[in-house]
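1. Need coordinates for the following:
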Amino acid sequence: MGQKATVAATLAPLLRTALGAQPPIRFEFWDGSTLVPGSESRGTMRIRSKDALSHLVWAPGELGVARAYVSGELEFEGDVFTVLRTLQQSAPNDADLGWDAAVRAVGAAGKLGALTHHPKPPPEEVRPLRGALHTKRRDAAAISHHYDVGNDFYRLVLGASMTYSCARFVGPEDTGYDPANPAVTLENAQRAKHDLICRKLGLRAGMRLLDVGCGWGSMAMHAASTYDAQVVGVTISAEQAELARKRVLEAGLQDRVEIRLSDYRDLRGEEFDAISSIGMFEHVGTKRTGEYFDTLRALLRPEGRLLNHAISSIGGSRMQGRSFIGRYVFPDGELIDVGEVVLAMERSGFEVRDVESLREHYALTLRHWVGNLEKDWDRAVSMVGPGRARIWRLYMAASALGFEDGGLGLHQILGVVPDPQGNAGMPGSRRGWV
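-> The predicted structure is shown next:
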């Protein structure tokens, strides 16, 4: 009788097909066997049981990998950014390795006993939501899945600013992108982002600002405390609204900030001088884009301005139901090409006056958030469980890499509603807000 082959020996041919003759990271398997790279390892992937393979067999591709990782059957060790970038660069350009590789994968899984068990998805996975896309009920369910996981967890990840959107890392002179400046903390960078938006909107004392998707109230509070604006913030996350109201009271801003638990589609019969939409547009969807901008346009007085701050992707992309992001992070989320957003705003009656990319700033923001999570990992796990903590670590690290390599973008688009004579009330240059 021959000696039983190790897991490493059984899987080595398949891994070499997927990642090259010399896989760039170390692989460790549940039987103690290893597959060691030919040069210095850039990290380690630990496959802790055959259930990891079962997930990959029963849900091939990204969803299977996500299930194995979230359940803890697959783990990365080392710098998560380095490991993910190394795997990304080593994988073939064509994600489909062909029938031959698929047959060999199933054969290897069969030899290791991974075909006889069909593990359940982790409890953190959301099944495809029911009903028509981007109805109020379905959007509320999608938002709740992502945002109603505990305000204390968000505070741990986001830091004191409690701002869940791209910060702006600039030096004391506000002269431009400066990620290396140690004096620029995440909290200061978020304040700089809020202030930039206020300046782009031309806020002055007494002006009415609508903050759509107001989160935990940070932008609303900054506009009220710094510019003496009267602010209405709306969110459809119950937990966000509760904490935002508490923060407003603690800051003594209740006479200038109102937080509503409300959908933007319910806003009718009011008039505002300015509208900010920060990190919310990703939840609107392509089919609702016209309705979204029409609704906001109807709420603005003549010469009123809208600042739309949102993630974008070239050609647009939807978080598909079998993707990691779609099942675990942003169900029903959509990223829209910045050109399409500009066109949609123009069709709704806005004159687009400025477009600015901040994608490098979002990469750095995400690296700060990952650092916060890893620094307080045990406390994060005690708050939301190991599965959700893993989800956040993977999603934020992968997103940071996407912003760094240009696969993802972040754009602020400033639009204005001219009066009937064409007056826009805009400054002659960007000097008023840069």
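2. leaving aside the residues next to it on the chain, what's closest to L299?
-> Among residues not flanking L299 along the chain, F272 sits closest, at 5.3 Å (C-beta to C-beta, 6 or more residues apart in numbering). All C-beta atoms are positioned from the backbone trio N, CA, C, and that covers glycine.
3. I should have written Y227 there, sorry.
-> Excluding the flanking residues, the one nearest Y227 by C-beta to C-beta, 6+ apart is L203, at 4.2 Å.
4. quick one: S262 and R393, what's the gap?
-> 32 Å (C-beta to C-beta, to the nearest Å).
5. Which one's more surrounded, the two?
-> R393 (20 against 15; other C-beta atoms under 10 Å).
6. the longest helix in this protein is where?
-> Longest helix in the chain by number of residues, with DSSP state H as the criterion: helix 386-405.
7. Just the residues contacting that helix, thanks.
-> 66, 69-72, 80-81, 84-85, 88, 122-124, 149, 153, 157, 324-325, 328-329, 359-360, 362-363, 366-367, 369-370, 373-374, 377, 380-381, 407-410 (C-beta atoms under 8 Å, 6 or more residues apart in numbering).
8. Tell me which entries of those residues lie within helices.
-> 66, 69-70, 80-81, 84-85, 88, 153, 157, 324, 359-360, 362-363, 366-367, 369-370, 373-374, 377, 380-381.
9. out of the residues you listed, which are buried?
-> The neighbour count (16 or more other C-beta atoms under 10 Å) marks 66, 69-70, 80-81, 84-85, 153, 157, 324, 359-360, 362-363, 366-367, 369-370, 373, 380 as buried among the ones in helices among the contacts of helix 386-405.
10. any chance you could map the helices in the stretch 51-200 of the chain?
-> 62-70, 80-90, 98-111, 136-147, 151-158, 186-200 (DSSP state H, counting those that start in this stretch).
11. Mean pLDDT lowest where, among the ones you listed?
-> Here the lowest mean pLDDT among these goes to helix 98-111, at a mean of 60.
12. Relative to H194, how far out is the residue nearest to Y227?
-> 11 Å.
13. give me phi/psi at R305?
-> With angles defined as degrees, to the nearest 10, R305 shows backbone torsions of phi -120, psi 150.
14. Let me see the contact set for it.
-> So R305 contacts K200, L201, G202, D273, A274, I275, L414, G415, V416, V417 (C-beta under 8 Å, 6+ apart).
15. counting contacts, what elements does the strand or helix carrying L414 pack onto?
-> Assessed by DSSP states H and E, L414 sits inside strand 409-416. Contacts defined by 3 or more C-beta pairs under 8 Å, 6 or more residues apart in numbering; DSSP states H and E place strand 409-416 against helix 186-200, strand 300-312, helix 338-347, strand 351-357, helix 359-375.
16. Would you reformat these as JSON lines and include distance to L112?
-> Listed next are those as JSON lines, based on distance: least, C-beta to C-beta, whole Å:
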{"stretch": "helix 186-200", "distance to L112": "44"}
{"stretch": "strand 300-312", "distance to L112": "40"}
{"stretch": "helix 338-347", "distance to L112": "46"}
{"stretch": "strand 351-357", "distance to L112": "47"}
{"stretch": "helix 359-375", "distance to L112": "32"}
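17. So which of those is nearest V7?
-> Nearest to V7 among these is helix 359-375 (28.6 Å), distances taken as C-beta to C-beta.
18. That closest one - contacts with which helices or strands?
-> Using 3+ C-beta pairs under 8 Å, 6+ apart: helix 359-375 touches helix 80-90, helix 151-158, helix 186-200, helix 386-405, strand 409-416.
19. who wins for proximity to R297 among these?
-> Of those, nearest to R297 by C-beta to C-beta is strand 409-416, at 8.7 Å.
20. Would you give the sheet partners of that closest one, along with the direction of each?
-> strand 300-312 (antiparallel), strand 351-357 (antiparallel) (DSSP bridges).
21. okay, these, which one's buried deepest?
-> Across the strands paired with strand 409-416, the average number of neighbours (mean count of other C-beta atoms under 10 Å) peaks for strand 300-312, which reaches a mean of 22.
22. how distant is that strand from the center of its chain?
-> 21 Å (C-alpha atoms, centre = their mean, to the nearest Å).
23. again with stretch 41-57
-> With C-alpha atoms, centre = their mean as the basis, the mean position of stretch 41-57 lies at 25 Å from the chain mean.
24. So for it, what gets flagged as buried?
-> Using 16+ other C-beta under 10 Å as the test for burial, stretch 41-57 gives 41-47, 49-57.
25. Export only the CA atoms of that stretch, formatted as CSV.
-> Presented in CSV, the C-alpha positions along stretch 41-57 are these (Å, rounded to 0.1, in the frame of the first residue of the first chain):
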residue,chain,number,x,y,z
SER,A,41,6.7,34.5,0.8
ARG,A,42,4.5,37.6,0.8
GLY,A,43,2.1,36.1,3.2
THR,A,44,0.3,32.9,4.1
MET,A,45,-3.1,31.4,3.3
ARG,A,46,-4.2,28.8,5.8
ILE,A,47,-6.9,26.3,4.7
ARG,A,48,-8.1,24.9,8.0
SER,A,49,-10.4,22.1,6.9
LYS,A,50,-11.9,20.4,3.9
ASP,A,51,-15.0,22.5,4.4
ALA,A,52,-13.1,25.3,2.7
LEU,A,53,-12.8,23.2,-0.4
SER,A,54,-16.5,22.2,-0.1
HIS,A,55,-17.5,25.8,-0.2
LEU,A,56,-15.4,26.3,-3.3
VAL,A,57,-16.9,23.2,-5.0
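26. This completes my enquiry, with thanks.
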